[in-house]
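Chemist: Requesting a structural model of the entry that follows:
(chains A and B)
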Amino acid sequence: MLILPILIIPLVTAILTYFSGKNAKYVSLAGSLLNLAYVLFLLYHYNTNGQETLTFSMPWIPQLGANFNLMLDGISLMLTILSSIVMPMVLYASFNRDYPDRHVLYALMMLMDFAMAGSFIAADGFLFYVFWEIALIPIYFICLKWGGEGRQRVTLKFFLYTMVGSLFMLFSFIYLYQHTADHSFALQSLYEAGRALPVTQQGLVFAGIFLAFAIKMPIFPLHTWQPETYYIAPTPGAMLLSGIMLKMATYGIIRWLIPIVPQGVGEYGIWAVGFAVVSILYASFISIVQKDYKRLIAFASIAHVGLIAAGILSANVQGVQGGLVEMLSHGINTVGLFFVYDIIVTRTGTSDMDRLGGIRDIDPRLGFMFLIIVLSVVALPFTNGFVGEFLLIIGLFQYHQILGALAGISIILGVVYMFRSFQKMMLGEVKDEAVLYKKQTRQETLLLLVVCVLIVGFGVYPKPILAISEKSVMELLQGLKF
Amino acid sequence: MTELIILSLTGVAALVSEFLNLRKILLPLAILALLVVLGLSFSHLGTSELVYNMASFDGFSRPFLMVLCTLGVLWFWGFRRFFEAEKTTTDYFALTLFSFAGAVCMVSYTNLAMLFLGVEILSIPVYVLAGSNKSDVKGNEASFKYFLLGAFSSAFLLFGIALLYGATGTFDLAEITSKTTNLTSQNQGLLQVGFVLTVAAFAFKVAAAPFHFWAPDVYEGSPTPVTAYMVTVVKVAAFAALLKFFQAFQNAIPQTVAWSIYGLCFLTLMVANFIAASQKNVKRLMAYSSISHTGFMLIGIFCQKEGAEHLLTYYALVYGIASLTAFRVLWYLRNEVADIQDFRGLLHTNQLAAVSVIMAMLSMAGIPPLAGFIAKYRVLAAASAAGQGWLVVVGILASLLAIYYYFKIVIVMFEPSEQAPVRPLHLADKVFLYVCCGLLIALTVWPVV
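Modeler: Model (predicted):
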């Protein structure tokens, strides 16, 4: 029962927010903070009770073998913490803008939070798929209603692209379901059914499910929807997409791919890792030549998520642990990066880096805090980015040395494009649109401060974070034959 | 039997009320009659009643009756203003109720003669209703086309029944089933031709490709409430009849015929979705969407070996509710002509109507958490379990295409609107839309199966 409020709080908040009119922003923020408090309580409960897995189980559609099964172990808890930390930040970040119909916007955001939290704790294939799809609907409408130029075409492409992947995943789940002994979508039944399959069939299931995740993350060459969608998305939408939503896919690899078809991953995983590494390098190189800061963040996100995927698919403890920590850090950093974009673009009206410069001279506080975020993105030691990327590269290196080395280059490339963006916007002379820049407000400072504190805090003392999921990851990988 | 009597008597009452001047009570009376039938079917769900070896009210027909009545109540409620024309109120009521009685015959028949009667009683009032807007050329075209092709398909049906009689010497469905196994090869041939002809007649009625050509024109030309009636009540009745017919022959169908049946599913899904993607008129688009759903329901009928009636009642209920919602809003926007652009900016002018359409579209496209997803899922799972993996792939492709054209309507509602704000919805209509949307969600959370 302890697990249910993770779903109930966001859902109720979404409904209340919709009906609260002008107070929508406070209602949604209060709801998301309550959710955060509850998740922290769960973390405390989890640690004081010997890291025991919480479960909830109820039949849903017995004829279809679908159950309302929920499970909260260390891995799910990590992702739940991520979404509950990021959510209030995203909401708060949008307070400086005057969106029309904001009660609808915040209600949709909370609805998305509900669906994402659900996908992180679902322990039934059918339920996971339903949550996975529900999460898509609010973000589609957020981008369609509050998005920028060309949103109709871009959002439809985004929706269809994701749908194609999802349907392949559904098809794979149906296939697995037919091989279960007890005709059930329950997690354990799917695990047993998948592991009993011959290697070739495991490979096919692997391909079907991975396709859905690869589109959502996205991984080269399935990434073409992503930069456009991030570009037209309103800032909170982009934060949600990159901060939490793509983690549904990387989490999916840990929970719904590796343990279901371990031999398939062992046999054909190298291809997926290969594509992920190509994706890292490709996106990094494109980031380097981007003129627009928002597009740069979009491609940087592809690069980072590629590294996460490659590390997780190495299927060793370091890789998976690194992936989990990096998901958390990436969520926080992304909010920071997009928020800096939002601050600059609301004042100057442009995110073209060639038309900006010297903002640090006008606003040294922004310059300093942006620097901390940049340093974390390039994985400098003592920032949260370092912990995750270090583990990821160790994991990947153990799996395949050449691919590990290639992925390692991404850190250097990351330095190039991130420092370049910092240099172009913050340093040099104040020119062109940058003259319009005004100092940040107290609300903006507070949010960036929270981001920076989290970055440095996790970076200096990552042990409690790593400890959350360590046991669960070990248990998950134990006894898997690759 | 009581069900049939109640509905027929209500129809007669509607005729009589013209000179008794009781027009005002007809709407509550019709809804009450449907609710009573619904209640009766529900309370007698476990029992079965055989009427003169002609019709059977049992575990097969009662769920279908319940779905029909639910859709009927929603239809009368949502489209009650259709009956407000001065001189024709009672005619419309009587026609609708009689055709409803025909639907009851079709879901409960056990004898092919009864089937034919049911089809005719259902269809003839709808031919008239389709042309109820006498001054409208398109309405006349629709009515005439529907009548001609309907008569044509009736001929097919009769021919098929005659051949089945020739092969087995009986009209009784159960007896035919028992006789299918030991026939002479000549009679076997007659049986197969009879089966194919009858299925073709059904394919006309449910508008499956390549027998679908009448549907877009008729759906477009008929008054919107009549179109809504056709895609819900008429369709459900035809599907129930087809399912019952198909189940009787399940073990007697040779491989070649089975493949032509799968071909029917494939063609219906492909033709409908590819043509729908290029439609600009909403009613034509909905017509093709309805054909596409026919394709899904056919897969359900042909692939689900046991308990197909549960799958089909669920699908029909969910699809019917979504259709009623969409057609209700369409009727509210424009009475007859309906371009997609009529939906432009609806989100800003009437949020409830727009959100209802969005939910209806998402449900028809089969996206969770709307009930349409569970419905489509069950069909595809049935196809997969029957070893027809390729039909699953076709179904998935069809769903993707469907998203494209359903979302055309959704996207246009988000555009800024230049049109004058539309008149506000009546309270009863608001409640109607709330109930429909609520049902679309509720049927996911508690799927009645």
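
Chemist: Find the residue closest to residue 269 in space, skipping its chain neighbours.
Modeler: Looking at chain A here, since you left the chain open. A:Leu313 (5.1 Å; C-beta to C-beta, 6 or more residues apart in numbering or on different chains). Where C-beta positions appear, they are placed from N, C-alpha and C, glycine not excepted.

Chemist: Correction: the question concerned chain B.
Modeler: Nearest non-adjacent residue to B:Leu269, counting by C-beta to C-beta, 6+ apart: B:Gly295, 3.8 Å away.

Chemist: Spit out the contact partners of that neighbour.
Modeler: B:Ala208, B:Ala209, B:Cys265, B:Phe266, B:Thr268, B:Leu269, B:Ala272, B:Ala398 (C-beta atoms under 8 Å, 6 or more residues apart in numbering or on different chains).

Chemist: Please state the backbone phi and psi of A:Ala66?
Modeler: Main-chain torsions, A:Ala66, degrees, to the nearest 10: phi -90, psi 130.

Chemist: What is the subsequent helix or strand relative to the helix or strand bottoming out on mean pLDDT in chain A?
Modeler: Least confident element among the helices and strands of chain A, by mean pLDDT, DSSP states H and E: helix A:359-362 (a mean of 85). The C-terminal neighbour of helix A:359-362 among helices and strands, as given by DSSP states H and E, is helix A:364-377.

Chemist: other SSEs contacting that following helix?
Modeler: If contacts are counted by 3 or more C-beta pairs under 8 Å, 6 or more residues apart in numbering or on different chains; DSSP states H and E, helix A:364-377 sits against helix A:317-348, helix A:359-362, helix A:384-399, helix A:401-426, helix A:442-460.

Chemist: Pull the distance from that helix to the chain's centre.
Modeler: Relative to the centre of its chain, helix A:364-377 is centred 21 Å away, using C-alpha atoms, centre = their mean, to the nearest Å.

Chemist: Any buried residues in it, and which?
Modeler: A:Leu366, A:Gly367, A:Met369, A:Phe370, A:Ile372, A:Ile373, A:Val374, A:Leu375, A:Ser376, A:Val377 (16 or more other C-beta atoms under 10 Å in any protein chain shown).

Chemist: So what touches it?
Modeler: Here helix A:364-377 makes contact (C-beta under 8 Å, 6+ apart) with A:300, A:304, A:329, A:333, A:336-337, A:340, A:343, A:359-360, A:383-386, A:414, A:418-419, A:421-422, A:426, A:439-440, A:445, A:448-449, A:451-452, A:455-456, A:459.

Chemist: Next, count neighbours for B:Pro416.
Modeler: The local packing of B:Pro416 (other C-beta atoms under 10 Å in any protein chain shown) involves 8 other residues.

Chemist: separation between it and chain A?
Modeler: 11 Å (C-beta to the nearest C-beta, to the nearest Å).

Chemist: Was I right to think that residue contacts B:His348?
Modeler: Yes - in this structure, B:Pro416 is within contact of B:His348 by C-beta atoms under 8 Å, at 7.0 Å.

Chemist: How about the residues of the stretch 151-300 of chain A by chain B?
Modeler: Contact residues, the stretch 151-300 of chain A versus chain B (C-beta under 8 Å from any C-beta of the partner chain): A:152, A:155-156, A:159-160, A:163-164, A:167, A:170-171, A:174-175, A:177-178.
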